[in-house]
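# Mind folding the following:
(one chain, ligands or ions: 1)
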Amino acid sequence: PAQRVASFDQDVWSIFTPLAAETKAINLGQGFMNFGPPAVVQEAAKEAIDRVEANQYSHPRGRPRLRNALAASYSPEFNRQLDPDTEILVTAGANEAMFATFAGYLDEGSEVIVMEPFFDQYISNITMNGGKPVFVPLRAPDHAATQNISSGEWRLDINELRSKVTPRTKMIVLNTPHNPIGKVFNENELREIGKVAEEHDLIILTDEVYDRLYYPPLEKFPRIGALDKFWDRTLTVGSGGKSFAATGWRVGWLIGPEHLVKYAFAAQTRVVFCVNSPCQEAIAAGLEASLTEPIFQDQTNSYIEKRSRLSKVFDELNLPYTSPQGAYYILVNTSKIRYPADYTFPDILDQRGDDFKICYWLAKEIGVCAIPPSEFYTKEHWPLAKHFARFAFCKTDDVLDQAVDRLKGLK
Ligand code: GLN
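Predicted coordinates for the structure are as follows:
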């Protein structure tokens, strides 16, 4: 194998998703929904499959209907009229949007500053493109060990970020709402990050796949690409899968100024050429509908309800957690959970953080699958994740209720 790939461990998803299936655990692990896209989106996909033309290659930048719908939906978000021909690129999921951006902008040895914990795919996407991730931590306050906190209390030390910049730094990766913390960066925090990028002429790549899922008291989702002059150096990633409960469709997008979209587009054309056509039509239909119908508001309301449906059991069990401002994960402190000292774990967990053990035991013996967040930390920082498990609440109420019942077995 190539050196760049040979070092990849088996990823957390391919351990825990099959484990949940084998053990028949309620799967609150990998963040996918057990419900389908809104009817308008599903119908549009079926209708597109019936149209000969909609089954063929799309324009490499994305089908015009989807780019127009994205422009209509996102222009107000960025306080500017987005040009669907040059400022929007449809990608094969958000992950590929990031891959194409790294491919388009990193040279061998280019450094990319990533906040830790990070969504795991960033790292391999960076290294596969010759880049080097450089880490800066998000820190929870001390009282997070004993009481619930808001995800907003996880903080970035801006001077620490600044100290990570070297002459080789090319980019800062931001993720808001953040996976796995749920933090939504506020405007002040975004301005501080933007200033560092300005001082050193860096690109900001912001993963905003959960942008349609943020919760009160937040009234508006702050975007760095919409602030001050940061538009000119920012690429924003979005997700059809997250926005419309269709994570397997792999339709995402990249929004930014023409001069930055340009080389991500150049790279993407050489990787996938274009993105699956019928699903693009369907996501377009969803965005069009969202201009006149409260699709996203309804979705948000249902997620607010789901968040409390699940989190109440952690209150009951006295397990402190981070209440997310956005996205659909709850990061729970598991330090009070005890499993038998002589419990045997499979070899596959040997070279992993201790949180893999707790999550394995939870799936197997309690019947609820969560994700061990050390996957989102560099190896030297695995101990920081030791007492955490990430539970996804993008599930139907009956499934959440069953998970709650089983988790009560921890009492
Ligand atoms: N983004 C989802 C999660 O964090 C799925 C990740 C994946 O399957 N690679 O759970």
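# Can you give me the end-to-end span of stretch 124-143?
33 Å (CA to CA, to the nearest Å).
# er, stretch 232-243 actually
With CA to CA, one end of stretch 232-243 sits 25 Å from the other.
# got the residues of the stretch 151-300 of the chain near the ligand?
Residues of the stretch 151-300 of the chain found near the ligand (CB under 6 Å from any ligand atom) are N179. (Each C-beta comes from the backbone N, C-alpha and C, glycine too.)
# can you tell me the residue of the stretch 151-300 of the chain closest to the ligand?
Residue nearest to the ligand within the stretch 151-300 of the chain (CB to the nearest ligand atom): N179, separated by 5.1 Å.
# what about that residue, is that helix, strand or coil?
What DSSP: H, G, I helix; E, B strand; the rest coil gives for N179 is coil.
# Against L254, how distant is the closest residue to the ligand within the stretch 1-150 of the chain?
Scanning the stretch 1-150 of the chain for proximity to the ligand using CB to the nearest ligand atom identifies G31 as nearest, at 3.1 Å. G31 sits at a distance of 21 Å from L254 (criterion: CB to CB, to the nearest Å).
# Please identify which of those two sits among more neighbours.
Applying other CB atoms under 10 Å to G31 and L254 shows that L254 carries more neighbours, namely 28 against 23.
# what residues does the helix or strand harbouring the more buried one touch?
Secondary structure here is read from DSSP states H and E; on that basis L254 sits in strand 252-255. Residues from elsewhere that reach strand 252-255 (CB atoms under 8 Å, 6 or more residues apart in numbering): 62, 70, 74, 78, 82, 87-97, 100-101, 209, 225, 235-241, 261, 264.
# pLDDT weak spots in the protein?
Scanning the chain for pLDDT under 70 picks out no residues.
# Please report phi then psi for the most centrally placed residue in the chain.
Compute the mean C-alpha point of the chain, and by CA atoms, centre = their mean the closest residue is N179, 4.9 Å away. Dihedral angles of N179 (phi, psi; degrees, to the nearest 10) stand at phi -110, psi 120.
# didn't it look like it was pressed against Y329?
Yes. With contacts counted by CB atoms under 8 Å, N179 reaches Y329, the gap being 6.3 Å.
# Now for these two: what residues contact both?
Where contact means CB under 8 Å, 6+ apart, the residues bridging N179 and Y329 through contact with each are G31.
# circling back to that earlier point, quick check: closest non-adjacent residue to the residue of the stretch 151-300 of the chain closest to the ligand.
By the measure of CB to CB, 6 or more residues apart in numbering, the closest residue to N179 outside its immediate chain neighbours is F119, 4.9 Å from it.
# Now do the helix or strand F135 falls within: which elements does it pack against?
For F135, the host element (DSSP H and E) is strand 132-139. Using 3 or more CB pairs under 8 Å, 6 or more residues apart in numbering; DSSP states H and E, the elements in contact with strand 132-139 are strand 111-116, helix 121-128, strand 155-156, helix 158-163.
# Highest mean neighbour count out of those?
Of all those, strand 111-116 carries the top mean neighbour count, a mean of 22, counting by mean count of other CB atoms under 10 Å.
# Can I get that strand in PDB, CA atoms only?
Extracted C-alpha coordinates of strand 111-116, given in PDB (Å, rounded to 0.1, in the frame of the first residue of the first chain):
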ATOM      1  CA  GLU A 111       0.200  22.900   7.100                       C
ATOM      2  CA  VAL A 112      -3.500  23.000   8.000                       C
ATOM      3  CA  ILE A 113      -4.600  24.100  11.500                       C
ATOM      4  CA  VAL A 114      -7.400  21.800  12.800                       C
ATOM      5  CA  MET A 115      -9.200  22.200  16.100                       C
ATOM      6  CA  GLU A 116      -9.100  19.200  18.300                       C
END
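# what's that strand in contact with?
Outside of strand 111-116, the residues that reach it under the criterion CB under 8 Å, 6+ apart are 102, 106, 122-123, 126, 131-138, 156, 161, 164-166, 168-175, 178, 202, 376-378, 381.
# again, only using 6 Å
With contact meaning CB atoms under 6 Å, 6 or more residues apart in numbering, strand 111-116 is reached by 122, 126, 131-138, 164, 168-169, 171-173, 377.
# likewise stretch 181-199?
By CB under 6 Å, 6+ apart, the list of residues contacting stretch 181-199 from outside reads 151, 154, 158, 161-162, 172, 176-177, 204, 214, 222, 224, 227, 230, 233, 324-327, 329.
# what's the burial count for the closest residue to V209 other than its chain neighbours?
If the residues on either side of it in the chain are set aside, V209 comes closest to S239, at 3.7 Å by CB to CB, 6+ apart. Neighbouring residues of S239 were enumerated by other CB under 10 Å; the total is 26.
# so what's S239 bridging to?
On the basis of DSSP bridges, S239 takes part in beta bridges with G252.
# Run through the residues that contact it.
Residues near S239 by CB under 6 Å, 6+ apart: 94, 209, 252.
# any idea which of the residues you listed has the most stuff around it?
Highest neighbour count within those: V209, with 28 neighbours (other CB under 10 Å).
# Surely that residue and A94 touch.
Yes. V209 is within contact range of A94, at 4.7 Å (criterion: CB atoms under 6 Å).
# Verify the stated contact: R63 with A282.
No. R63 sits out of contact with A282 when judged by CB under 6 Å, with a separation of 10.6 Å.
# Compare those two (neighbour count), which wins?
It is A282, of R63 and A282, that has more neighbours when counted by other CB under 10 Å, with 30 against 25.
# Just list the residues touching the more buried one, thanks.
For A282, the contacting residues are 41, 44-45, by CB under 6 Å, 6+ apart.
# Confirm that it sits in a strand.
No. Assigned with three-state DSSP, A282 falls outside any strand and is helix.
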